[in-house]
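Participant: Just the structure for this:
(one chain, ligands or ions: 1)
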Amino acid sequence: MGAVVEAAAEALASSCSQLQPHVAGAFFALAACTVVLAALLAVARTRPPWWCDCAVCEAYLTASWAGEFDNLCDWYAHLLRASPSQTVHVHVLRNVLTANPVTVDHMLRARFDNYPKGAPFSAILADFLGRGIFNVDGEAWMFQRKLAAAELASPALRAYAASVVASELRSRLVPLLHSAAASSDSDDDGKVLDLQDVFRRFAFDCICKISFGLDPGCLELSMPVSAFVDAFDAASMLSARRAVVPMQIIWRLKRFLNIGDERKLRESVRLVDAFATEVIRQRHKLGAGSGSDLLSRFMGSISDDKYLRDIVVSFMLAGRDTVASALTAFFLLLSDHPEVAAAIRDEVSRVAGDDDDDDNDRASFSKLKDMHYVHAALYESMRLFPPVQFDSKFAAGDDKLPDGTGVTKGTRVTYHAYAMGRMESVWGPDCAEFRPDRWLREGQFVPVSPYRYPVFQAGVRVCVGKDLALMEMKAVIVAVVRSFDVETIGRSSRRPKFAPGLTATFAGGLPVRVRRRAPQSSTITTE
Ligand code: HEM
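Facilitator: Got it, this is the predicted structure:
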């Protein structure tokens, strides 16, 4: 405990040097409070007698103290598997976690009104996401949802999005892989690429073009990642960190004092704001409704630039990290399962043919919807590695969950998509295996209840970008698997390690070597 208090005091002393003299007095008073809080925290970790000692909390605290949180999601999956109700209440965190499909249905559909995002969640993300769709409930949410759902479903937007993805694949992603690849008959190993970084850049270029008609050119690897992209990543990661501090007062205090992570967050958000404001200014210059992108369409209904900024940022978050995360996990699994890559190639050549010409490329894009095996493999990979690993709501009133767990007003209730994908009770004894066939019946993809597979959430707030995301990801899979063998280096899908953030990101990226396959079509275009 002494070490914890000392470390806290040291951190506070170093933060002090960053302050202006006129706030130093107030700072020292608050510093004293923080040291007391740190001491309380240290005491709490030693589990004094008044602390909850139920089996779940005991397991939580013991593992926490022993530093067993190498992969927090696996640890929660372990807890949930051991629970007869597939739900656990970690009292010390005031968090009910569930992997029970009936309970997920209850919170996301049947009692949706009782499980809003809630004020604690909104406060955590307010600086970064403002009043964007992810961070609001009630009328503000309903308004944005209706607008986004209508625009994303429109044939014009879908055609525009497909042309963006096709052009990004043809002119950037595939040439980049070619330039890094060794050919199948050479001894040269080619370059090592971080495939996660490549997919993040690809997805960012795509979502910016689709959402705002703007091309950030991130996939030009020769260009450094812009200060904006760095700021966006930092803002996302630092906001997520707020959610895991043991007491909310800690980040609020640091925010008030503008020190540490909170100072970095403020600077990052300032850069994100500047970028979003510039995007909106450019669009105003062109005139609302002048482009095919989402922002041009939103401008017809929204005149408040600050509100538009929040929408811009939310779409960047929604469309970039999720897609990049799903694709990275997909190629990690594929590297461990060459038989799945072979089955994908069989399907692509059966459905779209093998000819190396533009007509064939065009055909394969329009035939993505007929590629049931590709669809199944992607769903199977997101079952094991959902980009949004868990998602929380805050109970607006007391409730009893269908599995019998009591919930009091203000309790955080979390559905755990990552754990659900690894539950025998949900997927059977082979739940840990990557087996795309489980989604197929007579060669046709058969969906399951979204409450059993809440990868895109489910119910009233189900993801509105799902179809767009599936199109984009399948187009990438077809283009890459058709022309390249991708071999991961030093990574296994059995022992994933994640970096902290709002979306699942592999710590250390995904280093790969790419090998060109025998000449075949490698580009895809739209009609
Ligand atoms: C693999 C890709 C994707 C996955 C797994 C995914 C998953 C999710 C999940 C879990 C949520 C619920 C989040 C929450 O309530 O906190 C969500 C909501 C949402 N997603 Fe996606 N998403 C993906 C791609 C996209 C894309 C490409 C877009 C936009 C172009 C998008 C737009 C949205 C929006 C606007 C919401 C908010 C819906 C609402 O609150 O009513 N998503 N998504």
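
Participant: in the stretch 1-150 of the chain, which segments are predicted with low confidence?
Facilitator: 1-53, 61, 63-70 (pLDDT under 70).

Participant: which residue ranges form the helices in it?
Facilitator: 2-16, 24-45, 55-65, 72-82, 101-105, 118-129, 138-153 (DSSP state H, counting those that start in this stretch).

Participant: Next: the stretch 351-500 of the chain.
Facilitator: 358-366, 372-384, 417-420, 424-427, 466-483.

Participant: Contacts for the fourth one next, please.
Facilitator: Around helix 424-427, the neighbours that count as contacts under CB atoms under 8 Å, 6 or more residues apart in numbering are 81, 86, 99, 101, 383, 420-421, 431, 438, 452. Quick note: C-beta positions are derived from backbone N, CA and C, even for glycine.

Participant: what two of those residues are the furthest from one another?
Facilitator: Spatially, the most separated pair among the contacts of helix 424-427 is Q86 and R438, at 19.6 Å (CB to CB).

Participant: Those residues of the stretch 401-527 of the chain touching the ligand, which are they?
Facilitator: Proximity of the stretch 401-527 of the chain to the ligand, by CB under 6 Å from any ligand atom, involves residues 455-457, 461, 463-465, 468-469.

Participant: So which residues on this protein come close to the ligand?
Facilitator: Residues of the chain lying near the ligand (CB under 6 Å from any ligand atom): 133-134, 145, 148, 315, 318-319, 322-323, 326, 387-388, 391, 455-457, 461, 463-465, 468-469.

Participant: Out of these, which end up buried?
Facilitator: 133-134, 148, 315, 318-319, 322-323, 326, 387-388, 391, 455-457, 461, 463-465, 468-469 (16 or more other CB atoms under 10 Å).

Participant: can you pull the contacts of the residue nearest to the spatial centre of the chain?
Facilitator: The centroid of the chain falls nearest to T503 when counting by CA atoms, centre = their mean (2.6 Å). Going by CB under 8 Å, 6+ apart, T503 touches 236, 321-322, 325, 387-388.

Participant: can you tell me the residue of this structure closest to the ligand?
Facilitator: Closest contact between the chain and the ligand, by CB to the nearest ligand atom, is at G465 (2.0 Å).

Participant: you'd agree that residue is up against M316?
Facilitator: No - with contact defined as CB atoms under 8 Å, G465 does not reach M316; the gap is 11.7 Å.

Participant: Contact partners for the closest residue to N258 other than its chain neighbours?
Facilitator: Distances taken as CB to CB, 6 or more residues apart in numbering place R266 nearest to N258, at 6.4 Å, with adjacent residues excluded. Contacts for R266 (CB under 8 Å, 6+ apart) come out as 127, 255, 258.

Participant: Redo these as CSV? Include neighbour count and distance to D354.
Facilitator: Below are the contacts of R266 laid out as CSV (neighbours: other CB atoms under 10 Å; distance: CB to CB, whole Å):
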residue, neighbour count, distance to D354
D127, 19, 52
R255, 17, 58
N258, 16, 60
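
Participant: ok, so of those, who is nearest R270?
Facilitator: Closest to R270, out of all of these and judged by CB to CB, is D127, at 10.1 Å.

Participant: Please name the nearest non-neighbouring residue to the closest one.
Facilitator: D127's closest residue in space is V269 (CB to CB, 6+ apart), at 5.3 Å.

Participant: what about G217, which SS state?
Facilitator: coil (DSSP: H, G, I helix; E, B strand; the rest coil).

Participant: For stretch 491-502, list the C-alpha coordinates in PDB.
Facilitator: Taking Å, rounded to 0.1, in the frame of the first residue of the first chain, the C-alpha atoms of stretch 491-502 are listed here in PDB:
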ATOM      1  CA  ARG A 491       0.900 -14.300 -33.600                       C
ATOM      2  CA  SER A 492      -1.600 -17.000 -33.000                       C
ATOM      3  CA  SER A 493      -5.400 -16.700 -32.800                       C
ATOM      4  CA  ARG A 494      -5.300 -18.900 -29.700                       C
ATOM      5  CA  ARG A 495      -3.400 -16.300 -27.600                       C
ATOM      6  CA  PRO A 496      -4.700 -12.900 -28.500                       C
ATOM      7  CA  LYS A 497      -3.500  -9.800 -26.700                       C
ATOM      8  CA  PHE A 498      -5.500  -6.600 -26.900                       C
ATOM      9  CA  ALA A 499      -4.600  -3.000 -26.500                       C
ATOM     10  CA  PRO A 500      -6.900  -0.700 -24.500                       C
ATOM     11  CA  GLY A 501      -9.500   1.200 -26.600                       C
ATOM     12  CA  LEU A 502     -13.100   1.500 -27.500                       C
END
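
Participant: neighbour-wise, which of Q86 and R438 wins?
Facilitator: Using other CB atoms under 10 Å, the more surrounded residue of Q86 and R438 is Q86, with 23 against 18.

Participant: What distance do you get for that one to P429?
Facilitator: According to CB to CB, to the nearest Å, Q86 stands 16 Å off from P429.

Participant: What of S83?
Facilitator: From S83 to P429 the distance is 18 Å (CB to CB).

Participant: Of these two, give the one with the bigger neighbour count.
Facilitator: S83 (19 against 7).

Participant: Tell me who's in contact with the more buried one.
Facilitator: Contacts of S83 by CB under 8 Å, 6+ apart are V56.

Participant: ok, now L147?
Facilitator: Contacts of L147 (CB under 8 Å, 6+ apart): 298, 301.
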